[in-house]
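Colleague: okay, sequence plus prediction incoming.
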Amino acid sequence: MPPFDVRNGSGSDSGPEHTDHADTQENGGRGIIHRRNFVKSVGAGAALTGFAGCIGGGGGSDDTISVGAIFPTTGSIASLGKAEFHGIELMVNQVNANGGINDKDLELENKDVSTPEEAQSAVLDYSDSGTDMVVGTTASAVGRSASRIANREGLVYTETGAVAQEITSNGQKNVFRTNPSTDVYAKNVLDAVQFMAKEKLDKPVSELTWAHAHEDSVYGSSVDKYLTQRNKDTLQMEKVQESSYPADTNNLTPIILKLKEKDPDILLQTGYVNDTILFWQTARQQDYTPPFPFGIGSGTLNDSLKDALGKGLRGIPASGVNGTNTNPNFAPIGDFQSRYKDEYGTLANWGFALMTYTGMGIVRDILKKSEGDTGIDAYAEAAMSMDEKIGTYPAGYGAKFNENGQNTRALYVTSQWQTNESGDLETYHVYPEAGQPEGTGIKYIPRPSWSEMSN
Amino acid sequence: MAESLLVSALINGIALGAIYALISIGLNIVFGVMDFVNFAHGEYIMLSMYGTFFLYKSTGLNPLILLLVIVPLMFVIGVLTQRIVFQPVLDAPGTMQIFVSLGLLLILQNAALVVFGSETRTLDLPWGSETITLIGAHITYARISAIVLAVGATALLFAFLRYTHLGRVIRATAQSPEGAEIVGVNTKYIYLISFGLGLALVGVASAPLTMIYYITPTVGVQFVLISFVVVVLGGLGNLQGALYAGFFIGILEAVISLYIGSQIAPAFYFALFIAVLYIRSQYGSLSELVRQPLNGGTLG
């Protein structure tokens, strides 16, 4: 067969220059200007190729406290980013409606940030425009980058969403995190596994085997590290497989095949939304049903996964923040949902907005203590004096910061996908036990086959 | 590792390769005829997936039947894109054409974000996720349809180019646009048809893609990068080559992911991409490289 021959083509394509260097050295004068321009250029390039835009804005006045947010509103995790920004915005509106902080309104702006490079550029812009403080974000790599640049620029940075341990492990005086970190994930996951396995599986927990499949960024890797360490220190289950993959992968069949071969009792999966959809879809296509599947984080708690798997999703528990079907005595959500619906037209699902709403509530209380002072020393002193017990804030959090700026009274909970009386899929709180609504409990463990669960 | 595991990985690798091939052949025909790399190709994948998704939601028809609507629609979109966006820069320097296609990429992606929203969409289509067992391997009907569509579309396209008058004119234009114009061919018209064909092939890929994957405004990017590798490996403008290269990359990715790790698979095929580009720059083509030692030449 003669080939369909065409003209030769050639050309060189030098892609956008990429850097992930985080210079923590203090430079003066010109050095900073050059470095900033460089980082901004890279950020602009990243924005072009990452298809996200940053719109510059200007800091606050004497009558306001300006809060610069960095949540992704475009790109693959935009749905999470938007929900998390809405949580922040809702609390800011509430604070302003109640007279602000020391008669100063909070002035909120968001920059659409999806990558570490864009985070650097955005925080530098906020610094240049005199913004008082920065809050973020959705992805751990972005939070890590933003916190470092904020530290260099002398800005208070509060993490309200990202989980990687590294964000609050450097003793940076300006960095605080209101949400839980990876080690809290590990604790909640393994405590929930122990609780649920004791109730539903026949073997003693120490005789169970487990595997962990996770996306390979700092988020998934960090979760794996802390899960592995905590398991070693506590449950001592045998880990039979660890599989990591890029979050934008097209093909998870080889990973599912390997997991199927290893046949662990417990399969943990950590991912973002899209890779988690592909993961469970591939497991279903390969007819692989682990006895005890368990999702970690945002990937397993969202509407898109529900649409993708339908009733087949029943029985999969997930660790994260959850605002639905939780005992109100456990998490005092109050009028959060009605406020959210009034503002955005829908209920806030899956707890992401609740998590940042809670985080901004903690920031509000710190600012009250510092009398609106966002200087690092005053803010840090106020933050370190916080001592609110668990259950104070809407997501069930308390507030007590350790020397690294981590809120030690933030917690994750485990929910499980189940059907309600009308047959609709919802998540139900299952662990800690105190959060279970009356008349509910753990179901579908050991998990029946995909075909049984789908019908 | 069990033999059945390898068989499963290979069969699913072939299905994955079929999808890569379908996407790449569309890209390749545009490059082959017009000598132009369309960086926005992935965004048309995204648009055709959204089209299939919404048509399915409104009609409930199997995405394979919806191809009867999507393929002609993508052809028309291709013709319009060529006429409105690319024809005006046809004679401009290559860099300008690249910037135009990158600009189009951003416009389409952000327009999709505004129109469709950022949330991930999927089809929970029972037929698409049903499997058959083949030599011990589970493979879904959706993946089988990708293989059938890739082979079928390539055969049809080849027959069209080889045995029809219009096909011969397209080939003549690809080989020498100046020569074709001298003998009276309206090359601008041929470019319109070729671009339309390229996007119609993207439309063909949309049915299995929508059944297998999720849809977001950025989904095209993950496929288009691999399709560049497939096009280069199969031979720029070589349609059969793109089909074989698609299968090869799919199998390579599946086997490497199984035995070494998912993260390293892209490194392998991008290394291959660079190697092929290097060989082409040195020897013109892979066949030239093979012939040279036989003719007394050396690889060095």
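Modeller: Great, that's in hand.
Colleague: can you pull the residues of the stretch 151-300 of chain A lying near chain B?
Modeller: Counting by CB under 8 Å from any CB of the partner chain, the residues of the stretch 151-300 of chain A close to chain B are A:216, A:243-246, A:248-255, A:257-258, A:261, A:273-274, A:277-278, A:281, A:284-287. The C-beta positions use only the backbone N, C-alpha and C, and glycine is treated the same way.
Colleague: thinking A:A399 is in contact with A:S385, fair?
Modeller: No. With contact defined as CB atoms under 8 Å, A:A399 does not count as touching A:S385 (10.1 Å).
Colleague: re the thing from before, among the residues of the stretch 151-300 of chain A next to chain B, which are in strands?
Modeller: In strands, defined here by DSSP state E, the members of these are A:S243, A:S244, A:Y245.
Colleague: got a list of what the first one touches?
Modeller: This means A:S243. Neighbour list for A:S243: A:A211, A:H212, A:A213, A:H214, A:I255, A:K258, A:L259, B:S262 [criterion: CB atoms under 8 Å, 6 or more residues apart in numbering or on different chains].
Colleague: and the closest residue to chain A within the stretch 1-150 of chain B, how close does it get to A:D248?
Modeller: In the stretch 1-150 of chain B, the residue found nearest to chain A is B:S118; the distance is 3.3 Å by CB to the nearest CB. B:S118 is 15 Å from A:D248, where distance means CB to CB, to the nearest Å.
Colleague: over to B:I256?
Modeller: Distance from B:I256 to A:D248, counting by CB to CB: 17 Å.
Colleague: tell me the bridge partners for the residue in the stretch 101-250 of chain A that chain B sits nearest to.
Modeller: Closest to chain B within the stretch 101-250 of chain A is A:Y245: 3.9 Å, counting by CB to the nearest CB. Here A:Y245 sits in beta bridges with A:E215, going by DSSP bridges.
Colleague: pLDDT value on it, please?
Modeller: On the pLDDT scale, A:Y245 is placed at 93.
Colleague: quick check: phi and psi at the closest residue to chain A within the stretch 101-250 of chain B.
Modeller: Going by CB to the nearest CB, chain A is nearest to B:G237 of the stretch 101-250 of chain B, at 2.8 Å. Here is the backbone geometry of B:G237 (degrees, to the nearest 10): phi 90, psi -10.
Colleague: what's the burial count for the residue of the stretch 101-250 of chain A closest to chain B?
Modeller: 24 (other CB atoms under 10 Å in any protein chain shown).
Colleague: touching, it and A:I255? I think so.
Modeller: Yes. The criterion here is CB under 8 Å, and A:Y245 meets it with A:I255 at 5.9 Å.
Colleague: quick one: contacts of stretch B:122-136?
Modeller: A:277, A:281, A:284-287, A:304, A:307-310, A:454, B:4, B:7-8, B:11, B:53, B:56, B:62-63, B:138-142, B:144, B:210-215.
Colleague: what is the burial count for residue 178?
Modeller: Looking at chain A here, since you left the chain open. Applying other CB under 10 Å, we find 30 residues neighbouring A:T178.
Colleague: not what I meant, chain B
Modeller: 8.
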